[in-house]
Structures are given as C-alpha cells and as structure tokens.
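Asker: Please work out how this folds:
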Amino acid sequence: MTALLGPLDFIGRVPPRQQTRVSSFLISAHGALARQLAFTLPQQMKAGWQTELNAQFYRESEIVSLLLRATSWVIDLELPLLTASWETAWLPKPVQGPGDRWLAVTIDSAALGHAIHAAIRPAALVPEKALANDPFVMALRRIEFESGRMIQSQILFLKGKELLPYRDAVNTAVDERHRQVRELWGAMLRGIGVEPGSSP
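Answerer: Numbering: from 1, shown residues only. I've put the predicted structure just below:
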C-alpha cells in the first residue's frame, strides 16, 4: 500500500474505482452535514454565529453536487453495505448537558463537521503526476480549500461563550467524532489500497 491514489493511467487520471469509493464516502459525509444543517437552521436567527449555518449548508451541498459531476463512476458492489455503515455513523448524537435539544443537536453537528473538515484531507491523496486539470483532482483540491474555510466557523461556535457551561461535553463530542471519522476514512482508504499516514 502507498499513501497516494493510483496507479495513474497513461494521462495521469486516478483509477475510476478509487474515484468512486472516495467520492461515495465524501458525498455521504458532506451530504449528512448538509441534511443536519438544513434541520438545525433556525427560522429566526438570534445569534451571529447562526448566520454561518446557512452559508455552510450551501457549501456542503455544493461539495456533494461537485463530486457527483466530477467523478468517473463505476459499479462497486461493496458500496451499498459500506454506505449503510457510513450513513449510520453520521446519525445525530445530541450532546448531554444542554436542556435545549436543538442546541444539543447543533453541537453534535458542529463536532461532526469539525471532524470531517479537519481529519479528511482529500487533496493529500493526489500524486504529483496526476493530471492537474482532471475534474476529480480539481474537486478534491476544492473540497480541501473549502474545508479550511468552514472549520473556522465551527471552531468559533464550539469555543464560544454560549457553550462554556458545557465545555467538557463539547470536548468529548469533538474527540469522539474525530475518532469515528478517522477510523471510517482510514478503513475506506485501505479498502482501495491506500494506507493513510504512510510514506509514498
């Protein structure tokens, strides 16, 4: 196993099977975030950080749309079972502590978003010799760029004054979501011959 996608074809494209598996995972993760944000968006915003929820909803939706169109899809018979396990993992886990269930779910959604945007670095999988203007390669780089922007908003919310009374519960939720995302991302990559964290 290597730390990079490939072997590339003769013009530098990532194998379609790897594209299919990576995109399926990312669509599942970012799609789950989009759905959760859609349900947690307040009808009337009462705090400044809530405006970011609306922006993040559309960015997550854009990521899903981009991957659907930029990926060279092939049939993958393992995907139905894998997708079911991923979708189950993303289900909301309201944080214990806040009496407001909406806030408890929003904290978990932010923790999951923080984990997905921080623990997954899709552009790092792209070999140097990959075709630079290939849609899939460009999509992975775009996703990593957007993740870097979105994570700042999640940090501001998770470390905000509003959550000081629940600091331990928030930290526990973030740690657990990071562990979960790293495990699932690593298992998915190993399934296509990529060892996360190894040397190329």
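Asker: just to confirm, which helix or strand has the spatially most central residue of the chain in it?
Answerer: Geometric centre of the chain, nearest residue: residue 116, 3.5 Å, by CA atoms, centre = their mean. Under the criterion of DSSP states H and E, residue 116 resides in helix 101-119.
Asker: List the contacts of that helix.
Answerer: Helix 101-119 is contacted from outside by 29-30, 32-33, 36-37, 39-40, 42, 53, 56, 90, 92-98, 147-148, 150-151, 154-155, 157-158, 163, 166, 169-170, 173-174, 176-178, 180-182, 185, using CB atoms under 8 Å, 6 or more residues apart in numbering. All C-beta spots, glycine's among them, are computed from the backbone N, C-alpha and C.
Asker: Buried subset of the residues you listed as a ChimeraX selection?
Answerer: To isolate the buried ones among those in ChimeraX, judged by 16 or more other CB atoms under 10 Å, type:
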select :29,30,32,33,36,37,40,53,56,90,92,93,94,95,97,98,147,150,151,154,157,158,163,166,169,170,173,174,176,177,178,180,181,182,185
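Asker: Just the ones of the contacts of helix 101-119 in helices?
Answerer: In helices, defined here by DSSP state H, the members of the contacts of helix 101-119 are 29-30, 32-33, 36-37, 39-40, 53, 56, 147-148, 150-151, 154-155, 157-158, 169-170, 173-174, 176-178, 180-182, 185.
Asker: ok, back up a step: need the mean per-residue confidence for the helix holding residue 116.
Answerer: For helix 101-119, the mean pLDDT works out to 92.
Asker: just stretch 58-70 next, same as before
Answerer: 96.
Asker: Just the C-alpha atoms of it, please, in PDB.
Answerer: The C-alpha trace of stretch 58-70 is given here as PDB (Å, rounded to 0.1, in the frame of the first residue of the first chain):
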ATOM      1  CA  TYR A  58     -24.900  25.700   0.800                       C
ATOM      2  CA  ARG A  59     -21.200  24.900   0.800                       C
ATOM      3  CA  GLU A  60     -21.800  21.300   1.900                       C
ATOM      4  CA  SER A  61     -24.500  21.000  -0.900                       C
ATOM      5  CA  GLU A  62     -22.000  22.400  -3.400                       C
ATOM      6  CA  ILE A  63     -19.400  19.800  -2.400                       C
ATOM      7  CA  VAL A  64     -21.900  17.000  -3.000                       C
ATOM      8  CA  SER A  65     -23.000  18.400  -6.400                       C
ATOM      9  CA  LEU A  66     -19.400  18.900  -7.500                       C
ATOM     10  CA  LEU A  67     -18.400  15.300  -6.700                       C
ATOM     11  CA  LEU A  68     -21.500  13.900  -8.400                       C
ATOM     12  CA  ARG A  69     -20.400  15.500 -11.600                       C
ATOM     13  CA  ALA A  70     -16.600  15.400 -11.400                       C
END
